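Q: below are the sequence and a predicted model; questions follow.
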Amino acid sequence: AQSVTQLDSQVPVFEEAPVELRCNYSSSVSVYLFWYVQYPNQGLQLLLKYLSGSTLVKGINGFEAEFNKSQTSFHLRKPSVHISDTAEYFCAVSEIQGFQKLVFGTGTRLLVSP
Amino acid sequence: NAGVMQNPRHLVRRRGQEARLRCSPVKGHSHVYWYRQLPEEGLKFMVYLQKENIIDESGMPKERFSAEFPKEGPSILRIQQVVRGDSAAYFCASSPSQAGNQPQHFGDGTRLSIL
């Protein structure tokens, strides 16, 4: 079984500041890793995914994440945030073998203020 | 809009009534997943279906909940005799295959409120 931990339930930050949203996972098998964003009253939108290869993954809206196998982490970063980045961010994993049953963390609310 | 369509967006039911949530996947996608999001929590997997088959329902409560994905028409998540604890957002996602590297496309969800 897999589990995902997002330690920060809320991250306040000022506009144009850098941000890092932390994600750690636990799994006895190899997994794919994902970051999704959820705007209010909407579904989840894929930001980026790590499948294999380079451990630094670039996604949409200027976000990137780095897979660290030894620390079982997949932290999300953005060098300069905008007000429009205010949303809930979810880290998720799924087993490489078998069907894609996503296991989500509890989410981190990013609050960007002027 | 060729994305995942869920309806209704909001559904209000009284305790004991039935709730039916519908999901039309992305055109060409034959794999559907249902997730439930309780307030202040992440999404939890409920069930995975392919056309006319339930593949994995390990996340479904044992009673009152059922899901189907018929040959024609949308996938349906059905909750019988609803209780207050069923209040949540229910999300449907679809993918073109079951491969783990195929990202799931999510609908905007149905927010179920139980009076």
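A: Received, thanks. Owing to the predicted nature of the structure, the values given are computational and were not obtained by experimental measurement.
Q: shaky segments in chain A?
A: Residues of chain A meeting the criterion pLDDT under 70: none.
Q: next, name the residue at the spatial heart of it.
A: A:W35 (3.4 Å; C-alpha atoms, centre = their mean).
Q: what do you get for chain B?
A: Most central in chain B under C-alpha atoms, centre = their mean is B:W34, positioned 3.6 Å from the mean C-alpha point.
Q: quick check on the residue lying closest to that residue once chain neighbours are set aside: phi, psi?
A: Spatially, and ignoring its direct neighbours in sequence, B:W34 is nearest to B:M46 (4.4 Å; C-beta to C-beta, 6 or more residues apart in numbering or on different chains). (C-beta placed from N, C-alpha, C; glycine too.) Phi and psi for B:M46, reported as degrees, to the nearest 10, are phi -110, psi -60.
Q: correct me if wrong: B:M46 contacts B:D56.
A: No - the pair B:M46 / B:D56 is not scored as a contact, 9.6 Å apart, by C-beta atoms under 8 Å.
Q: between these two, point out the one with more neighbours.
A: Comparing B:M46 with B:D56 by other C-beta atoms under 10 Å in any protein chain shown, the one with more neighbours is B:M46, at 21 against 16.
Q: separation between the residue nearest to the centre of chain B and chain A?
A: For B:W34, the distance to chain A (C-beta to the nearest C-beta, to the nearest Å) stands at 11 Å.
Q: check B:R111 too.
A: Per C-beta to the nearest C-beta, B:R111 is found 8 Å from chain A.
Q: what about the residue nearest to the centre of chain B, helix or strand, and which?
A: In this structure, B:W34 sits in strand B:31-37 according to DSSP states H and E.
Q: residues of chain B that sit close to chain A?
A: Counting by C-beta under 8 Å from any C-beta of the partner chain, the residues of chain B close to chain A are B:4, B:6, B:31, B:33, B:35, B:40-45, B:48, B:55-56, B:91, B:93, B:95, B:98-104, B:106-109, B:111.
Q: in ChimeraX, select just the buried ones from these.
A: Listed next is the ChimeraX selection for buried residues among the residues of chain B next to chain A, using 16 or more other C-beta atoms under 10 Å in any protein chain shown:
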select /B:4,6,31,33,35,42,43,45,48,55,56,91,93,95,98,100,102,103,104,106,107,108,109,111
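Q: from the residues of chain B next to chain A, which ones fall inside strands?
A: Mapping the residues of chain B next to chain A onto strands (DSSP state E) picks out B:6, B:31, B:33, B:35, B:43-45, B:48, B:55-56, B:91, B:93, B:95, B:106, B:111.
Q: A:A17 - how many residues pack around it?
A: Residues lying near A:A17 (other C-beta under 10 Å) number 13.
Q: ok, it - contacts?
A: Contacts here follow C-beta atoms under 8 Å, 6 or more residues apart in numbering or on different chains; on that basis A:A17 touches A:80-81.
Q: I'd assumed it was in a helix, is it?
A: No - secondary structure of A:A17 (DSSP: H, G, I helix; E, B strand; the rest coil): coil, not part of a helix.
Q: hang on, the earlier thing: most widely separated two among the ones in strands among the residues of chain B next to chain A?
A: The most widely separated members of those, counting by C-beta to C-beta, are B:I55 and B:R111 (26.2 Å).
Q: could you give the number of residues near B:V32?
A: A count of nearby residues for B:V32, using other C-beta under 10 Å, gives 27.
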